[in-house]
Each structure stands twice: as structure tokens, then as C-alpha cells.
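1. Sharing a model prediction with you, sequence too.
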Amino acid sequence: MSDDLDALRSQTLSALAGAADMQAWDAIRVATLGKSGALTGMLKQLGRMGPDERRARGAALNRLRDELQLAIADRGAAIEAQALDARLSAERVDVTAPVTESPSGLIHPISRTVEEMTAIFGAMGFSVAEGPDIETQWHNFSALNTPDHHPARTEHDTFYLPPSPGSNLPRVLRTQTSGVQVRTMLDREPPIRIIAPGRTYRADHDATHSPMFHQCEGLVIDRGITLGHLKGCLIEFLRVFFDKPSLPVRFRASYFPFTEPSMEVDIGWSRKTGEIGGGSDWLEVLGSGMVHPRVLANCGIDPEVWQGFAFGMGIERLTMLKNGIPDLRSFYESDVRWLRHYGTSPLSPANLAEGI
Amino acid sequence: MPMKFTLSWLREHLDFTASLDEICTKLNSIGLEVESVENPGDKLRGFRTAKIVEAHKHPDADRLRVCRVAAGGDFPDVQVVCGAPNARSGLNVIFAAPGTFIPGSGITIKAGAIRGQKSEGMLCSLRELGLGEEHDGIAELPEGSVIGEDYATFAKLDDPVIEIAITPNRGDALSVRGIARDLAAAGIGHLKPFLIDTVDGEFPSPISWRIDYPEACPYVLGRLVRGVRNGPSPDWLRRRLESVGVKSISALVDVTNLLAYDLGRPLHVFDARKLAGDTLAICRAARETFTGLDGREHVLGTDDMVIVDAHGVQSLAGIMGGAASGCDLETTDVFIESALFDPIRIALTGRRLAIHTDARARFERGVDPALPLSGLEQATRLIIELCGGEASEIVSAGEPPAWERQATLRFERISALGGIEIAPDDAVTTLEHLGFSVRARDAEAATFAVPSWRNDIAVAPVLDQAATLDADVAASASASVARIEAECDLIEEVLRLHGLDVIPPVGLPQTQIVPQAALSAEQTRGMLARRICASRGLLEMVGFSFVSGEDAALFGGVDESLRLLNPIATDLDQLRPTPLVNLARAFGRNAARGASDAALFELGAAFAADGQTLVLAGLRGGLSPRAPGVAAREPSVWDAKADFWAVLEALGAASDGLTVTADAPGHYHPGRSGQVRQGPKLVLGRFGELHPKIARELGLDGTIACFELFLDAVPLPKKRRRAAPVLSALQPVHRDFAFVVAPGVEAQAVLRAARGAERNLISGVRLFDIYEGVGLPEGHRSLGVEVVLQPGEASLTDAEIEAVSAKIIAAVAKATGATLR
């Protein structure tokens, strides 16, 4: 190789070694291989040479060009890698620092229980019915075979509101959601299969009573409905709700003005540990019965053609049992610590497919 | 209504071998719910009867005695050091062996030595047993008492007390006999015969009855017993009443209480010498003030039923006797009243005057209409037995009511209603055990006479049918009730006594393999709204529907029609105008506990004079959490609007057609709040910052952002098949404009005009900047608006873009007077 090529080679290689960044590197690339680069200039001169000289010089120049192209490319890659390393190192953060909080919102346990009840009864063909919190005495009591003098009325500790214009009977804050059942029977023809969850009110306030609480009542009216269906329906509900396929369920005769026969329903639990389904004690969870013929007739349904059952349960009570919540009053305190503890994620609504 | 009885009392009416547990289980099963079982003997385990064989003075203590005690069994001869002055040789005593817990002092006895003398137990007073206050030394048992007997057994205290809850229909079970009858019919033992000894009258009664209020009292009986000596009841009677929590007063009064509990027959005894005149009249009260045996004064109304003598009211009939004519230890002549009173009358008076007595409890549930005479005879016999004296002839007024009723049971209806096959013979036997008697029977049905004490069965149906019912529908339903109600009563009895647990559970008939949605589209909105709020960081809470009137007033609602007539507390007396009241109060409570950055929401009823609506309300307050590079900040109107809009979007109701007006009600900051409207009238809700004045009234610090969304007002999204989206392959073009608007021009007007300038091409309009200040006329604002143009078929040429831009500028200028900056 001639001296000028050697010189170009060593000069270029040494310049490349000294190039610290892409800018310097690019200057070398252009100075060597660019349009007016040193090597490009030498190649241009070939045309002026004789054939032999041109052949020998051409071969040497081509070799040099290949070598320098490779060296330049390698050096470029190396500088790029160095630059990336430097950037990565500069961008390093303390990944152990916590992320910015975005406080989560949650669904109240009462809503959750209503969702669960809706899902379970919905699977048995029930739909959800609603009605007003302020009722007439007829809707809340009289239609339900609870006349004014009935002892059951005193037991209810009713809240009263001034009468509507044109009436002299005070209105009531509903003591049960049964008024919804009455409205449903008046509004549509049987068969009927509804649940009525909602706010209810009784003038009582202590550790185990709240002046406002929630009930979920149910009503089934059809041809040929018997106590057997009542039992089947409620046992199924309780076992799914508490997720205990063999939960013991007991039915005791009782009395409600609006059902006959009436029964209270107990589930097995342990008084000692509070475990649902364990132990040998019984815990009352709901009231139920076959709809009284008078109630059907009051709502215009012929009790010789249609019969059915009704039930009612305390939503807070079932929620407390299921989740081990000790204090009824805490439901309405709205203490954010409590709400965070017992609330459920809005992204996992009650859903039979995912389990309740 | 609770009813207490003891096992030994039950035995008076029922022969049984069943255990206490079996009895309780059966009571529960047949509708006589056991509330508690308590055996007073359980506290007295370890105490036994004993005798001091020999007692002498403690050698080293003047006040102590060293006793040799014979207590039988393992304690034939023990030494006990005793401090009681009455510990003497030969005395029958109560002995507690080491290890016995002493209820009166709360300690457990240990063997030991007292001043050098060993003491292997304790001799007890009744107070130490928890049986009274007597403490003058140790209890002295009768001479000749058995030695070594369990004391509870000896004192007849080993007798479980069962308390059951009586449902309103079962007046007959407010008596030990009624409970015994039910148990016998359910297969626990045999009911003993009920024998009444009659007492012949020796002389005409000097007092007679007159009924002036026959609709409230159909029938009354009475008789005088003269020459009685009233005094404390004998032990058996005192113990029996005390065992069920009834205070023993005197023999005469105790007899009436005994019969109320034993037979469910309330009676009243007047001290005849305190009565004036020779007639007791049952009549309406005349607004008198009456002092009852409870010592309280009661103001009577003209519907109340009273018993009056020549001087005035002597008894609030069927509820409570009067203080003036009550029997006391001086009573020598007693007039016994045994009557039937109207249950409704008793219930209404009792409830209005808030008097709770055993008599009221029984009369208002209905007493046995066949029992007044035998009850009177029984009382007479007991009074003469306990207090001596001689009885007059019986006087009465009114007529025994016709209570006889029949009911027919078609056997196939047992399974048709009850879901269980019960053999006709079994059903009939069960009813017979309850006192029903067969009047007729064939293969299909049986007709029974209803026993007098079951006034809940086969009564005339009372209906209260909806006024809106079609007359024919109402009449036919009513006729059906008349045909089947008594039968339902009988079926209930049969099922109840057979036990409901044996009825096989059956699944509800399936109407569809996969049922329809349980929630309507409207109801689903509520669930969705809740989830959106929670997913945005708001915690769901549930507040009372009633708040204080003051709080309600702050939020604009104090309608008189929504004020409770009987609130339990003054801060819970007004139905809330919005759940925001509760959210604000809850925020304050949490802040007071140190959690001052709460974000809450509630979905619940709001009340107004014209009805109830479902409102979703949310509230944010306090500083957001600090983080590296993120400063804490207070929420603002924009957070409230963002929450509001997120819910609207999820409900499919956030459309370009909504407008916001700056006229939110007074609980909002007037300059930082708005109402969201669809069309001119429909308000979907409002959002903004809580008015600082109200925040101050409620004691809340900082800016509170809140919203109320009227869920009922939000229209349901139309169910229609949506066209497929146009997914253009061409790039959208973005153009920015700066419009200068005069004071009062709203951003939404500018945006709406821009959006409407060329609907086919403009796919988005976004406000990205608001500027006011240097370079603009006073009060003017510059609004930075980005418009996105989406070409469809072909790319836009510069000329086309210019043309659209000009259209936009013109449209905005026309609508708002804005000029390009």
C-alpha cells in the first residue's frame, strides 16, 4: 500500500478512536467517505490513471474503503451504545419510592348485600320492585291485614308525618317494604315474583336498633305455590348467600298479620365463635309465610285462584352475620376507616358467575 | 309479649316425661318462641341443708363460734367456724362446702383455718345465696328439715323458668294451661283435666252490675266475699308468682294474678267497703283524671271504658284498677269482677295511655269467652281458702256472647297449601287435641267446632280493600276469602303442630331457563352510577333519611309536610332535601377524627313536598395527598363537574345537547357552580363548590366540591341499533383558534358554534386555554379552541381547510360576537 493510503488509514483510525460523540464521529465519516471526503477524492482520481496503475491503485483503494467503512460503522455503534449507557445512567430513579396514591372508592356493605340478594333471587326469576319511603297507613298496615288497633302496630314504633292534603290520617315512614308488595299486586296481574329491598324506619334507637334500616322483602304469587316452595326458595337463598352449601336452616311456626301460616327462619351458627353454619345454636334471620287471603283480596287478587308466599329480612342483620360486623350503628356513621374496611370494590359487582 | 312459667307450674296442667330441652325445642317449633330458660337453682349448686350438731365459742375469738355440722353425704361431720350470733346447737342451717360459689358475695369458699380452728365450709344467710336482703345471721331452716338435701331442691327453687314470646294472635297462650294444651297437641305429654269447684252463694250480693257501654263490654259477672282476712300469700302462691316475675302483694291480689297467668283469665278485686252505692256501672269515661294502681294519674277520653260507683271512676276496665278502691291488708269485703271486654277498645285505650298490664295484654288479644264464670268460681274458692269469708250469689249484666263457630277442612288442601301430605286421621286428631271437636266428617273433609279459647280461628274476615279496585273483582276476591279463610286457619294449626321442618323443600317452578334481568334499565342506572363514583375514588356511605331541621334549611328544605310528628331526636326530625346534608355532616365528623380529606357519595332518597326522588350526591373536601413532584391541592368546582360528567357519560346521557346554567341553588358558591340541563326545563343535576357560608355553619374547613345528580330525571339512552363507525384511513387535521369574547359570553356557546360550523367535517372541538389580561380589553377573555377536522374520502386541500376555518370563525362570531385574536 502506498504511503498516502497508509497515512489516510492511520489518520482516520486514530481520529475515530478519539471521537467522543456522534457529532465528531459524523465529521470524520464525512471527511473520509463523504462527497468531498479524502477517500472519495482519491477514488475520483483513479480515472486519470493508466490501466495498470489504476488496477493496482483501485484494488488498494477498494480495500481501504471497505476497511474504513467497517471501522466507521463499528465506531458509530460503539459511540451510540456509550451514549445510551450514559442516558440510562442519568435517567436512573429510586424505584423503591411509592407511587402517588389515588385513594380508592368502595361500595357500601348494604349496597353490596342488596346486589348479592338481587343476583341470587334474580337467578330464581325474581325482579326488583321499589316504592316510596313515605306511605299511607293503608299501604303500610291496613292492606296487610294490620288494622289500626292491631297489637302489631304498636310493636312497630311507627314514625308519623302530617297527613296529605284532603286526608286526616297521618302518613307514615314505612316500617317495612311491604307497601311495595301491595303496589305490585295492585299494578300487575299474577304471576308475581319480586323482591323489594329498601329503607325502612322505626322509632327505636339503641345498640341493636336504628331508626332507619334496610329490609328486603319478597313476594311470590302464582297458581299452586305451597309452603314447600317457600322453604325451597329460602333455603336456597341462605345457602348461596352465606356460601355454605349445607347450612342448617330451621323453620319455626310464628305469626304475622299478613301471612298464614307464618314462620320464622333460623340458621345454624355457633354462639361462641359466631361462625355461620357451625356449632349447635340457632339464629333467627328472617320471617316468612303464605300470603294471607285477606291481603290478596285487599289488593284485588282472588285467593281461591292464586296463592303464594312472602318473606322479609333485615339487610344489615344479614350483612353483619356474613361479614362479622359487630355494631349496627356503624353502618350509618360514615367513618371512612369503617367504609374502607368493609367496602367492596366497584369493579367486582355481585355476580353469580364469579361467586358471591 | 313475653310470658313466663316454670316447669313445675306446667306440671299442674300437663303430665309429661319430656326433658326441658325437648319441651323448649317443641315450643320453638310450634310458634311459642323460647326467649330464655333460666333455673334459679343453677346458682345454688353446692348449698345443702345441714344441722349444727354442736356449737361452742371459739377459744381465741369472742364473736366466733366453732360448729360441728352434719350435712349428710360426703359431709357427715365437719367443723365450721361461724361468726353469726344465731349459730347454735340444734339449728337447721344451709351449708356450703369448699368449692361452692357464693352468689351474694362473689367468692368461692375454701377450706382453711380461722384463728387456729379449722373451718371446712360455710353456714350461710339467704343474702349470701342471693335470695334476699335478710342478714341477721345465718338462715334458720325449720326444725326437722331433711339433712344433706340440695338446698335448691329443698326450697323448691330447682325449677326452670321458661320465657316465651307470645304472638298477637295467641291470647290463649298467655296462660300456663294454654301452653300445656299446645304441648299436648304437639305430642308432649297429656293435658290434665280442668276441674272447677263451684262455691255456693250464701247471700245476695249487695253490689250489682250495670252495662252502659255494651259495645265495649258485652258481659260481666261479680260476687262479694265478705269477712275475709287479707294478708301475705302463703309460700306456694308467693313463690309461684315471684318465679315468673310477678310481685306478691297480698292474698286477694295474688289470687287474681295467679288466675291471669294460670288460665289467662284476668280478674279484678275491689275493696267493697271503699265503693259507694250499690251499683257498679260500666260506661264511657267523661274526661276524668283517674289514679290507677300504678300510682299515676291518667286523663281519660270519652271512648275509654271505665267502671264507676256512686263517687266516680273506680277502674279503667280491663286495663287497671283504681288506687281508691284497691284491696289492702285492711280489706274485709271483696268484690270480684270477671268480665269480657272488647279487645279493640282495650288495645286503643291501653296504647293511648301507655299502660302495660297483664290484664290489658290478655284482653287485647282476646280472652276465652266461656271462662268468666269458671274463672270467678275458681277465684272465689281460692279467696275463701286463703282468706276465709263467705261468698254471695253471683250477679251479672249483659249476656254471654255467642262465640260458637265452625270451620271446615278439605283434606286435600293441606298439601295444596302446606306442601306436605298429612293423613286425614292425623289432622283430625291434632285438631281434637287442641280442643276442636268434629261435627261432621267424610272422606274429603271434616267440619269442626272451634274451641272457645281460640278466638283467632274462623273469625269473620275483616277486609280493607283498595278503593281503586273494580267492584266485581273486589266482591269476588272478598267472597273467596269468606270461603277459605277458616280452612287456612285449620291448616295452619295442623302444619304448626306437625312441625314445619318436615315439609319437603321444593324449588320454585322455572318459568324460563335463564331468567330475565332482575333489574329494570332504570334500576341498573343506579348500580352503574354507584360503581362509577366508587371507581373515581369516592367512598359510598348511607345516611339517615331524616336530618335536623336546621341542617335541612341550609340546603333549602324545611317543608312542614316533611317534618316527623314523633321524631326520636330533634336532630332527626326533618326528611332530608338532599343526601348532600348527610355527606357534609359525615365529612365534618371524619374531619373531627383527623380524616380531613374524605371523598364520599350516597345514592338515596331526597324528599320534597311534591314527592321523593332518587339522588346521587358526591362530595370531596380536604387536600389531596402530597407526593414527590405533586403538590397537595384542594378540590374545586372542576372536580365536582368531572365527577358529575363521568356518571352522565356512563349513563349514556352526556350529549352535546346539554347546557350548563350558572343558577345552582343557594347552598352552592354562586360563582362556582352550575346546573346541568337538557332542554329548557329538565334539570339533570348540579355541581359546584359548597357555599362558604354554609361550610362555615357546618364547621367545615376549606373548599368542598360537591354535586347532586337527579337519577330519575336522566333519560334512558334510546335502545337503537347503532350504525357502524366510519373509520377513515386519512389523518385528521388539527387547527387552533383564539377567540376574544366579551364579558358574559360563555365558553359552551363558543364551542357549540364551532362544533356546528361544518358538522360533516368537524369531529372534535376542545377548549385548551382561557386567557384574560394584558393585551385584551377589560373583562374580555381569549378562548383557545382546537378543532379537529376529519376528512372522509380525500385529504383536505389547503383551500378546503381555509374555507372551513372561515366558516368556523364566522359561526362563532355570529353566535357570540367573538373575534379572532
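-> Noted; the coordinates are in hand. Numbers count the residues shown, from 1 in each chain, chains lettered A, B, ... in the order given.

2. got a list of what B:Gly764 touches?
-> Counting by CB atoms under 8 Å, 6 or more residues apart in numbering or on different chains, B:Gly764 touches B:786-788. The C-beta positions use only the backbone N, C-alpha and C, and glycine is treated the same way.

3. Can you read off the pLDDT for it?
-> B:Gly764 is assigned 93 on the pLDDT scale.

4. from the contacts of B:Gly764, which is closest to chain A?
-> B:Glu786 (27.6 Å; CB to the nearest CB).

5. Of the contacts of B:Gly764 - the most surrounded one?
-> B:Val787 (23 neighbours; other CB atoms under 10 Å in any protein chain shown).

6. Name the residues that touch the one helix or strand that residue maps to?
-> Using DSSP states H and E, B:Val787 sits within strand B:781-789. Identification of contacts with strand B:781-789 by CB under 8 Å, 6+ apart yields B:732-741, B:743, B:745, B:747, B:750-751, B:754, B:761-772, B:776, B:796, B:801, B:804, B:808, B:818, B:821.

7. Any chance of the contacts of B:Gly764 in a markdown table with pLDDT as columns?
-> Conversion of the contacts of B:Gly764 to a markdown table gives the following (pLDDT from 0 to 100):
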| residue | pLDDT |
| --- | --- |
| B:Glu786 | 96 |
| B:Val787 | 96 |
| B:Val788 | 96 |
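
8. Need the residues you listed in CSV (columns: distance to A:Leu68).
-> Putting these into CSV (distance: CB to CB, whole Å) gives the following:
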residue, distance to A:Leu68
B:Glu786, 51
B:Val787, 54
B:Val788, 51
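
9. So which of those residues is the closest to A:Val291?
-> Nearest to A:Val291 among the contacts of B:Gly764: B:Val788, at 61.3 Å, using CB to CB.

10. From B:Asp736, how far out is that closest one?
-> 11 Å (CB to CB, to the nearest Å).

11. in the longest helix seen in chain B, what's buried?
-> In chain B, assigned by DSSP state H, the helix with the most residues is helix B:471-498. Within helix B:471-498, the residues scored as buried using 16 or more other CB atoms under 10 Å in any protein chain shown are B:473-474, B:477-478, B:480-481, B:484-498.

12. Buried among the contacts of strand B:781-789? Need that as a selection in ChimeraX.
-> In ChimeraX syntax, the buried subset of the contacts of strand B:781-789 is picked out as below (16+ other CB under 10 Å):
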select /B:733,737,739,740,741,745,747,750,751,754,761,762,765,772,796,801,804,808,818
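
13. And the chain, what are its domain boundaries?
-> If you meant another chain, say so; for now it's chain A. Here the domain parsing of chain A from automatic domain parsing is A:3-91, A:109-342.

14. please go with chain B instead
-> According to automatic domain parsing, chain B comprises the domains B:2-39+B:159-191, B:42-154, B:208-398, B:407-502, B:521-710, B:733-820.

15. Lowest average confidence across those domains, which one?
-> If you rank the domains of chain B by mean pLDDT, domain B:42-154 sits at the bottom with a mean of 87.

16. what's in contact with stretch A:55-63?
-> Under CB under 8 Å, 6+ apart, the answer for stretch A:55-63 is A:1-2, A:5, A:39, A:42-43, A:46, A:49.

17. That should have said stretch B:208-218, apologies.
-> Residues contacting stretch B:208-218 (CB under 8 Å, 6+ apart): B:220-222, B:278-284, B:305, B:317, B:339-342, B:345, B:395-401.

18. in that stretch, what counts as buried?
-> Across stretch B:208-218, burial judged by 16+ other CB under 10 Å covers B:209, B:211, B:213, B:216-218.
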